[in-house]
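Peer 1: Build me a model from this:
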Amino acid sequence: QVQLVESGGRLVQAGGSLRLSCAVSGRTFSSNVMGWLRRAPGKDREFVGRISWSGGSTYYADSVKGRFTISRDNVKNTMYLQMNSLKPEDTAVYYCATNPNNRGGADYWGQGTQVTVSS
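Peer 2: The predicted model follows:
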């Protein structure tokens, strides 16, 4: 089993920045592909991005490419999502996940943290 705990979500104005954190425990963090999913109000959960086990490779959804950056610290068992140039359409619950796929699924995900972007 793996436990994922997200933090850092809050209300922010459009154009602003926010950094989310994900603390991972219960399994070997460093060997897993990690990433982020999100669920906007009234929509299905969607893929945001993922990072390789080493941190050397990342991949993002087109909707966030160039604005969001995923990083990880395998010593601290923590992953981050730096979000810049936030838009109202980024408003969602953000989930930390292991092995996320492009369809919005994953092996495990946390409880989520709410990000609200005001216009």
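
Peer 1: Beta-bridge partners for residue 93, please?
Peer 2: residue 39, residue 114 (DSSP bridges).

Peer 1: For it, give me its contacts.
Peer 2: By CB atoms under 8 Å, 6 or more residues apart in numbering, the contact set of residue 93 is 9, 38, 39, 112, 113, 114, 115. Any C-beta I mention is one placed from the backbone N, CA and C, and that applies to glycine too.

Peer 1: again, only using 10 Å
Peer 2: 6, 9, 37-41, 45, 111-116 (CB atoms under 10 Å, 6 or more residues apart in numbering).

Peer 1: Return the members of these classed as buried.
Peer 2: 6, 9, 37, 38, 45, 112, 113, 115 (16 or more other CB atoms under 10 Å).

Peer 1: tell me the contacts of the nearest residue to the first one once chain neighbours are set aside?
Peer 2: Once flanking residues are discounted, residue 6 sits nearest to residue 113: 4.1 Å by CB to CB, 6 or more residues apart in numbering. Taking CB under 10 Å, 6+ apart, we find residue 113 in contact with 5-10, 18, 20-22, 38, 81, 92-96.

Peer 1: From residue 53, how far off is residue 113?
Peer 2: Look at residue 113 and residue 53: by CB to CB, to the nearest Å, they are 23 Å apart.

Peer 1: and the contacts of residue 113, which are buried?
Peer 2: Neighbour-count burial (16+ other CB under 10 Å) applied to the contacts of residue 113 gives 6, 9, 18, 20-22, 38, 81, 92-96.

Peer 1: and the worst-scoring helix or strand of the chain on mean pLDDT, which strands flank it?
Peer 2: When each helix and strand of the chain is scored by mean pLDDT, DSSP states H and E, strand 108-109 comes last, with a mean of 93. Each strand paired with strand 108-109, and its direction, by DSSP bridges: strand 92-98 (antiparallel).
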